[in-house]
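Engineer: from the sequence below, what's the structure:
(2 chains)
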Amino acid sequence: MSESGIDAERRSFIACALTPSLIVLFAVAVLPAIYLVVTSLTPFQLTAPGSATDFSVPLRNYGLLPGDPRFVNSLWVQAKLSCWGVLFQVLLGMLLALLLNVQSRFVEFARTFFLIPMVLPPIVVAVIWKLIYTPDISPLYYAAQLLNFTMPALTSSVDFALTAIIIADTWEWLPFTFLMVLAALQTIPDEYSEAALVDGASKLQIFWYVTLPFITPILVISGMFRLIDSVKAFPLIFLLTSGGPGTVTEVTNYYAYLLAFDTNEIGYSSAVTVVMLLLVAGISLALVWMGRRREAMA
Amino acid sequence: MSHHSGRRATPGRLVAITMTLLVVLSPFLWLLQMSFKSNDQILQFPPPLIFTPTLENYVSLWHSAFSASFVNSLLSASLSTALALLFGVPAAYALSRWAGRGKHALSFAILVTRMAPPIAFTIPFFLFYRWIGLLDTVTGLVLVYTSFNLPLVIWMMQPFFDTIPVSLEEAALVDGARTRTVFTKIVLPMVTPGIAATAILCFLYAWNDFFFALILTRTNARTAPVAVVNFMNYEGWEWGKIAAGGSLVMAPVLIFSLAVRRYLVSGLTAGAVKG
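Structural biologist: Here you go, the predicted structure:
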């Protein structure tokens, strides 16, 4: 075969290998987004035929959003859930990583088991916490009774429902931040802290001046990852509180779900989703930008 | 190996680690033990920690509609994994050997499919499926899972192909072999471990899904995660069955994910750390 024959043959192979995937990626990443934006410009309801193509007042849905108390409230609930969840996950994940950053066969073995909450199907995590939060069968309520302490019903209380979700979410995703911070800790050369130790630095000082600056970027990045994913916390809310009591735990994602699949307001739900997508896209772009900058610095 | 205070495993630290592990895993263990209790034992107060385990919950699940849901889950997860590998592995190879514009399209697609909340896709998918009659079918689920696993396959497989020296392929090409043959006979056998790890991750993503299955299925194609939830809503509060169902849903996940834990992080962070 001639040199150019090999090239042509190779090019056609590459084209054959790539084309189906690129088509699927386009169909899955781009088409739904376009469709969503178009639908958000209509008052589409499943029960009203013709409403899917009614573009007479295209920005009606977006105009309604700022005056919709449930939408505004859902953003606020999401902000609370995300901020507290991410804060706890990063802090506890870091503490756990520091605790487990030792060389021992036993600890290496134990690390695997710390990952369990993260790999469980999200719906199983929700079932697990449903068992913990249901007074009749929960070890938590039994322990409270032993201590002569009356536990409030966590998931149906206005004061505690969101906290209950945050606790379950933190339990589920703690292993993620733990794993990322541990990986970063293991790249710190031992010489740094040894030198500090020779200079008479205390353990706390070593943590503050040697370890922390080293792992700060990974703390920020893992926090951002969790921030983006916290928008998806659906099974926990679906199973534990259904957004209630009232709208105390109704995040934007859940509100959009109720709108589209409970009240059939597809058009309005699409507008809510588009706003949510824009927010997530903003955070994602910041994350990519930080990742690139970090790679450039390394 | 250097030794200093921060990295040595003191007995005190080992005890602290063990205690933490027990606390962290206790909710999970509670579900597991409950699945082996009869409903009377579950409602007993105080809860008995030592009891005669029973398999009655699992047996009654086996004879209920749950087993069909379990089969639906197995089918949709494994078929979508196979399809995603079929499309994605050659694409990853092509991208690894030929750095073209496809790379940008790829990282964009990965970013979108991984970062966007599923509701953004479910509305279009739901309406489209309703229109062409794919609602409540395993085929519909396979299509959704395949398309979301495809970027993951490409993302995971590319580094494996990158590590294979090009000189190997060139030698074969000079001998007159076709690119297709080089790919299937020389390159693919060298990346089998990578394919195995990728396949497991794909399977887990499809298996773990709750949201798509909740909206795109009703009764025929209902998957195991959705079936577990239905024990709560319609068939009364059968805690034993719920616990057993949950345990069954998580069993394959625990086994597989421990096998691929090295790749878990790169799978979870796909698309962002290295764009």
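Engineer: how about the contacts made by the residue nearest to B:Ala92 when sequence neighbours are not counted?
Structural biologist: With Cβ to Cβ, 6 or more residues apart in numbering or on different chains as the criterion, B:Ala92 has its nearest non-adjacent residue at 3.6 Å, and that residue is B:Met157. Quick note: C-beta positions are derived from backbone N, CA and C, even for glycine. For B:Met157, the contact set (Cβ atoms under 8 Å, 6 or more residues apart in numbering or on different chains) comprises B:88-89, B:92-93, B:96, B:191, B:194-195, B:198.
Engineer: now with 6 Å?
Structural biologist: For B:Met157, the contacting residues are B:89, B:92, B:194, B:198, by Cβ atoms under 6 Å, 6 or more residues apart in numbering or on different chains.
Engineer: equivalent analysis for A:Phe176, please.
Structural biologist: By Cβ under 6 Å, 6+ apart, the neighbours of A:Phe176 are A:Met118.
Engineer: and the gap between it and A:Met151?
Structural biologist: Look at A:Phe176 and A:Met151: by Cβ to Cβ, to the nearest Å, they are 29 Å apart.
Engineer: so for residue 77, what's the pLDDT?
Structural biologist: Picked chain A for this. At A:Val77, the model reports a pLDDT of 95.
Engineer: let's do chain B instead
Structural biologist: Here, the pLDDT recorded for B:Ala77 equals 95.
Engineer: spell out which residues of the stretch 101-250 of chain A are next to chain B.
Structural biologist: Contact residues (Cβ under 6 Å from any Cβ of the partner chain) of the stretch 101-250 of chain A with chain B: A:102-104, A:110, A:113, A:116, A:119-124, A:127-128, A:131-132, A:137, A:142, A:179, A:190, A:193-194, A:228, A:231-232, A:234-235.
Engineer: of those residues, which belong to helices?
Structural biologist: Within those, residues falling in helices by DSSP state H are A:110, A:113, A:116, A:119, A:122-124, A:127-128, A:131-132, A:142, A:179, A:190, A:193-194, A:228, A:235.
Engineer: can you give me the helices in the stretch 51-200 of chain B?
Structural biologist: Here the stretch 51-200 of chain B has its helices, by DSSP state H, counting those that start in this stretch, at B:56-62, B:66-97, B:102-115, B:119-132, B:138-162, B:166-174, B:179-181, B:188-190, B:192-208.
Engineer: would the fourth one count as contacting chain A?
Structural biologist: Looking back up the chat, that one is helix B:119-132. Yes. Using Cβ under 6 Å from any Cβ, helix B:119-132 reaches chain A at B:119-121, B:123-124.
Engineer: let me have those residues in JSON lines, extended by distance to B:Tyr205, pLDDT and neighbour count.
Structural biologist: JSON lines is the format used below for those (distance: Cβ to Cβ, whole Å; pLDDT from 0 to 100; neighbours: other Cβ atoms under 10 Å in any protein chain shown):
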{"residue": "B:Ile119", "distance to B:Tyr205": "17", "pLDDT": "88", "neighbour count": "28"}
{"residue": "B:Ala120", "distance to B:Tyr205": "17", "pLDDT": "88", "neighbour count": "22"}
{"residue": "B:Phe121", "distance to B:Tyr205": "14", "pLDDT": "89", "neighbour count": "24"}
{"residue": "B:Ile123", "distance to B:Tyr205": "20", "pLDDT": "89", "neighbour count": "27"}
{"residue": "B:Pro124", "distance to B:Tyr205": "20", "pLDDT": "90", "neighbour count": "19"}
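Engineer: poorly predicted segments of chain A, please.
Structural biologist: A:1-4, A:295-298 (pLDDT under 70).
Engineer: how does it look with 50?
Structural biologist: In the predicted model, chain A carries pLDDT under 50 at residues A:1.
Engineer: now B:Val153, nearest residue through space, not along the chain?
Structural biologist: B:Gly88 (3.0 Å).
Engineer: most centrally placed residue in the chain?
Structural biologist: Unless you meant another one, I'm taking chain A. In chain A, the centroid-proximal residue (Cα atoms, centre = their mean) is A:Asp229; its distance is 1.7 Å.
Engineer: to clarify, I was referring to chain B.
Structural biologist: B:Leu204 (1.1 Å).
Engineer: so who does it touch?
Structural biologist: With Cβ under 6 Å, 6+ apart, B:Leu204 has these contacts: B:Val253.
Engineer: could you check how far it is from B:Ala77?
Structural biologist: Distance from B:Leu204 to B:Ala77, by Cβ to Cβ: 8 Å.
Engineer: what does B:Phe183 give?
Structural biologist: To B:Ala77, B:Phe183 is 27 Å away according to Cβ to Cβ.
Engineer: these two: which is more packed in?
Structural biologist: Per other Cβ atoms under 10 Å in any protein chain shown, whichever of B:Phe183 and B:Ala77 has more neighbours is B:Ala77, with 25 against 20.
Engineer: what's the neighbour count on the nearest residue to the more buried one once chain neighbours are set aside?
Structural biologist: Using Cβ to Cβ, 6+ apart and skipping the chain neighbours, the partner closest in space to B:Ala77 is B:Ala206 (3.9 Å). B:Ala206 sits with 26 neighbouring residues when counted by other Cβ under 10 Å.
Engineer: contact residues of the stretch 1-150 of chain B facing chain A?
Structural biologist: When proximity is defined as Cβ under 6 Å from any Cβ, the stretch 1-150 of chain B approaches chain A at B:2, B:4, B:6-7, B:9, B:17, B:21, B:27-28, B:31, B:42, B:46, B:87, B:90-91, B:94, B:98, B:102, B:109, B:112-113, B:115-117, B:119-121, B:123-124, B:147, B:150.
Engineer: and of the residues of helix B:119-132 next to chain A, the nearest to A:Gln89?
Structural biologist: Distance to A:Gln89, by Cβ to Cβ, is smallest for B:Ile119 among the residues of helix B:119-132 next to chain A, at 22.5 Å.
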